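**Student:** Sequence and predicted structure are below.
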Amino acid sequence: MKKSNKYLIQRAGWYIVGFGLFFAPFAFFQKILISVFKLEGSGDIHGACFRMGVQSLFTGKGLSLLTTSGIIVSLLLVSALLLGPLFCGRFCAAGAFTEYISRIVPEKFKINWQKYINPTPVRYGILAGFLIVPFLSYSVACSYCNYFLLEKLASGNIGVLGSTTIITGLFWLIIFGAFTKGGRGYCSYLCPVGAIQSLLHSIGAKFGFTYKLKFTKEKCVSCNLCVKDCPMGALQSVDKLLKYNINNCITCHQCSHICPNNAITYGQGMSKWNEINKEEVKVPVVIDTRRV
Ligand code: SF4
Ligand code: SF4
């Protein structure tokens, strides 16, 4: 079996663990917190909700760390800063679900949205909207939440098929899922939980003591296998140079496992991706000088 396929199976195992830990009907993590520490919170995905913490903060209730969502959100943010978007890359069953469905759809039927729309401003625009939502309505974010929809699908209780459920399902599973290159269009464009983790990761990655993807240019043979297999479109080949968009990376490590030369690794130290971007900027300057 190919190394990359082996790793896909290994990753699937992590996502199944993530589903059991955070999503009802199991939600073991929330249930353990509730029973061991006698905390407030629900034993389902709402008990791990990032928005509810923000809602409490913005509506004057303060951010209580002594709730299931308070503890989970704190772990999420600290881990993103130190290790990268660990939840997205390891435990998010909602993102993995569409990625794996998309992997069985032939390439010719899939759209590479990133050729047309830069995901970064959309993603952070959605994050900004998500932070404003608590001032407007408590339930509107839940209505469009793919985590909540996955939980409903898994428990066989989708209830009345409302317009918001249909819109969310259509975008998450179909348009931005099965028929999107990489299968993680919802993660790339619409997920505020991923956006806040990526933001923290991009800050943390500037420091040597944090963990991040590192690139050794000398080892890269420009085979583009990593570009083709990245589910987030975070790697692009521009004029044979590998460009990395940290704001769209979920540190799933698919690229480092597919690379035949270990050019991409994960660890502490400096990432070296910026050096490539600097060289890329220099190339056209050299060409222009020769023409003159
Ligand atoms: S760049 Fe690598 S680690 Fe980041 S999302 Fe793409 S495949 Fe995963
Ligand atoms: S898979 Fe490795 S060698 Fe191939 S382009 Fe990516 S980093 Fe370079």
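**Tutor:** Looks like it came in fine. Ligands and ions are numbered 1, 2, ... in the order given.

**Student:** Name the residues of this structure found near ligand 1, please.
**Tutor:** By CB under 6 Å from any ligand atom, the residues of the chain that approach ligand 1 are 213, 230, 232, 234-235, 249-255. C-beta coordinates here come from the backbone N, C-alpha and C atoms, glycine included.

**Student:** from the residues you listed, which ones fall inside strands?
**Tutor:** If you go by DSSP state E, those have 213, 235 in strands.

**Student:** which of the residues of the chain next to ligand 1 are buried?
**Tutor:** 213, 230, 232, 234-235, 249-255 (16 or more other CB atoms under 10 Å).

**Student:** Serialize those to a markdown table and add fields for pLDDT.
**Tutor:** Formatted as a markdown table, these follow (pLDDT from 0 to 100):
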| residue | pLDDT |
| --- | --- |
| Leu213 | 97 |
| Cys230 | 96 |
| Met232 | 96 |
| Ala234 | 94 |
| Leu235 | 94 |
| Cys249 | 95 |
| Ile250 | 96 |
| Thr251 | 96 |
| Cys252 | 97 |
| His253 | 96 |
| Gln254 | 96 |
| Cys255 | 96 |
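
**Student:** on that earlier part again, any idea which of the residues of the chain next to ligand 1 is the one closest to Leu173?
**Tutor:** Met232 (17.3 Å; CB to CB).

**Student:** residue contacts, that closest one?
**Tutor:** Taking CB atoms under 8 Å, 6 or more residues apart in numbering, we find Met232 in contact with 182, 184, 187-188, 248-250, 252.

**Student:** For it, which non-adjacent residue is closest in space?
**Tutor:** Asn248 (4.9 Å; CB to CB, 6 or more residues apart in numbering).

**Student:** Surely that neighbour is in contact with Val122?
**Tutor:** No - using CB atoms under 8 Å, Asn248 makes no contact with Val122, being 10.7 Å away.

**Student:** In PDB, please show the C-alpha coordinates belonging to stretch 261-276.
**Tutor:** Provided in PDB are the C-alpha atoms of stretch 261-276 (Å, rounded to 0.1, in the frame of the first residue of the first chain):
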ATOM      1  CA  ASN A 261      12.100  13.400  -0.300                       C
ATOM      2  CA  ASN A 262      11.100  14.600   3.200                       C
ATOM      3  CA  ALA A 263      11.200  18.200   2.000                       C
ATOM      4  CA  ILE A 264       8.300  19.000   4.300                       C
ATOM      5  CA  THR A 265       8.600  18.200   7.900                       C
ATOM      6  CA  TYR A 266       6.800  19.200  11.100                       C
ATOM      7  CA  GLY A 267       8.600  20.500  14.200                       C
ATOM      8  CA  GLN A 268      10.100  23.300  16.100                       C
ATOM      9  CA  GLY A 269      12.400  25.900  14.700                       C
ATOM     10  CA  MET A 270      11.800  28.300  11.800                       C
ATOM     11  CA  SER A 271       9.600  27.300   8.900                       C
ATOM     12  CA  LYS A 272      11.700  28.600   6.000                       C
ATOM     13  CA  TRP A 273       8.600  29.100   3.800                       C
ATOM     14  CA  ASN A 274       9.100  32.800   3.800                       C
ATOM     15  CA  GLU A 275      12.500  32.500   2.100                       C
ATOM     16  CA  ILE A 276      10.800  31.000  -0.900                       C
END
